[in-house]
Structure formats: C-alpha cells, structure tokens
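> Below are the sequence and a predicted model for it; my questions follow.
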Amino acid sequence: MAAAALAIVLAVVLVVVVTRRRRRESMAGAIKAISIDSRTDVSLPDGNDGLIHIEHLILTAKGLLVLDTKAVTGIIFASDGLAEWTAIEKQQRFAFRNPQPALLDRIAALRLVAKDIPVSGYVAFLADADFSKGRPTHVIHPDELLERFGKPGHAELERVIDAFSPQWERVVATCQPSFNLAAD
C-alpha cells in the first residue's frame, strides 16, 4: 500500500517537472526561432544616469525586440490600466504587478541607443496562460512570436542582416552584463 502511494506521488512529481520543462523549452524554442542574434540579461543606459535590465534583447527580421517572460499559467485577469494582475490556477490565486510599464521603460531606453531601427516589446506568457477575459496590449504567447517575428527566406534575411547590422552592433557595444535579475 505504501509503495503504491509512493509510486503515485513520484508519478505526479514527474508529470509536473516534465510539464514545466516543456513550457520553458517552448518559450526558449520560440525565442531561438525568431532570433537573428540576441543577448540575455543585459543592462542599457536608461536615459536618467542609470541602467535598466533587459531580460531578452533580440534582433529579428522586423527590428529589435525587448522580451520579458513570465512563467504564469492559468486564468489571468489583466488589462492595460490595472496596476495588479491576478492569476488563478487550481484553486490558487495570486496577484502580480502589471509588467507593461516596466516593459515600456525598457523599450524607451533601447530606442535611445537604437535610433535607426524599429524597436518593439512584449511580455511573453506561456502558451497555457489564459487571457480569455481580455489580453493587454503588450502580451504575447510563444506561437504568436513565431507568427509575428518569424525569419524570412534566405535572400530577405541577408538583406535584413545587412540593413540592421550597424545599429545592432552599436546596441551590443552599449550593453553591459546585468546582475539585476530580479523581476521588475
């Protein structure tokens, strides 16, 4: 009896671990698929004599992308104007700060450095984050990253690389390693 209970507990733990790993791999796969080049956990000048942390800075075929990732699942109640968002999953409920204002600050800081290249930004949630009551403006799922920022064919990709390389090199030269890995 005890062995059966232990086996059930181990099976549940294994399912949870595998599910979490697949979710992370899905996000990492999407980021890799859209990246011409990228930097992770870097800091840039914020325009106010300080630095701002950027989790993912990605050169895509459409320009530069600032990407913050959130490993939040379940039903998420959120809107652009709410200061706090709420997630509900399996009888658990928790609130977290709206990540969009910090994202917009990151985008603004990047635009100070990258003047001649398009800059956009999103907060990427795992595919099973449910925004069925309405999704805020700067929220995206991994599959949508692929749709919006997928790489073009070889000839077009070469043209994009030639056009964006000088600006990307300037941005990369401005980046510093970031040790402020705490979420904003």
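Thanks, I have the structure now. Residues are numbered from 1 along each chain as shown.
> where does this structure dip in pLDDT?
By pLDDT under 70, the weakly predicted segments of the chain are 2-25, 180-184.
> Try it again at 50.
Low-confidence segments of the chain, defined by pLDDT under 50: 9-25, 183-184.
> quick one, strands of it?
Per DSSP state E, the chain has strands spanning 37-45, 51-60, 63-70, 74-77, 84-89, 92-97, 119-125, 129-130, 139-140, 176-177. These are given in chain order.
> And the fifth one, what's buried?
Same thing as strand 84-89. Residues of strand 84-89 classed as buried by neighbour count (16 or more other Cβ atoms under 10 Å): Trp85, Ala87. From N, CA and C alone the C-beta is placed, and that goes for glycine too.
> swap in the second one?
Applying a neighbour-count criterion of 16+ other Cβ under 10 Å, one finds Ile52, His53, Ile54, Glu55, His56, Leu57, Ile58, Leu59, Thr60 buried in strand 51-60.
> got those as a markdown table, with distance to Val123 columns?
Putting those into a markdown table (distance: Cβ to Cβ, whole Å) gives the following:
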| residue | distance to Val123 |
| --- | --- |
| Ile52 | 15 |
| His53 | 14 |
| Ile54 | 13 |
| Glu55 | 10 |
| His56 | 11 |
| Leu57 | 14 |
| Ile58 | 14 |
| Leu59 | 19 |
| Thr60 | 16 |
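> now, which of those residues sits nearest Val171?
Proximity of the buried residues of strand 51-60 to Val171 (Cβ to Cβ) peaks at Leu57, which lies at 7.3 Å.
> partners of that closest one in the sheet?
Arg39, Val66 (DSSP bridges).
> list the contacts for it?
Each residue near Leu57 by Cβ atoms under 8 Å, 6 or more residues apart in numbering is listed here: Ser38, Arg39, Thr40, Val42, Leu64, Leu65, Val66, Leu67, Leu110, Val171, Cys175.
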